[in-house]
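A.B. asks: Sharing a model prediction with you, sequence too.
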Amino acid sequence: MKYLFSLLAFFAATLNAAEFRAGAATSNITPELGSSINGGFQDGKATVIRDELNARCLALDDGKTKLVFVVADSCVIGRGIFDEAKKMVNEATGLPM
């Protein structure tokens, strides 16, 4: 993480401040109690929430190229959810799907 911020600072310093933009966000994606738990080759059900699950995002824009990273605290995201998220990002930002 320290390396990532150092790299971002380096690129930000080489660009005009008006040209470089960055943003970060997080969102709670913890499923409801009773949801299936992935792993262990068995269909276990969530009975307690010990830690919230999050999706984290980093967006970078140098005036020419836009780049977005999203990392989710989940080993399985259904294709329908994934496709809907891409569609929402495309409609809100114009980024390609």
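C.D. replies: Arrived safely. This structure is a prediction, so every number in the text was calculated from the model and none was measured. Numbers count the residues shown, from 1 in each chain.
A.B. asks: use CA for all of it now, contacts and neighbours both
C.D. replies: Will do.
A.B. asks: Point out where this structure drops to low pLDDT.
C.D. replies: 1-18 (pLDDT under 70).
A.B. asks: how about the strands of it, start to end?
C.D. replies: Ranges of strands within the chain are 21-28, 36-37, 44-45, 54-61, 66-72, based on DSSP state E.
A.B. asks: out of everything not next to it in sequence, what's closest to the residue positioned nearest the centre of the chain?
C.D. replies: For the chain, the residue nearest the mean C-alpha position is Val70 (2.3 Å; CA atoms, centre = their mean). Spatially, and ignoring its direct neighbours in sequence, Val70 is nearest to Cys57 (4.4 Å; CA to CA, 6 or more residues apart in numbering).
A.B. asks: how many neighbours does the one you found have?
C.D. replies: Residues near Cys57, counting by other CA atoms under 10 Å, number 15.
A.B. asks: What distance do you get for it to Ala22?
C.D. replies: 11 Å (CA to CA, to the nearest Å).
A.B. asks: Show me where this structure has its helices.
C.D. replies: Using DSSP state H, the helices of the chain run over 2-14, 79-93.
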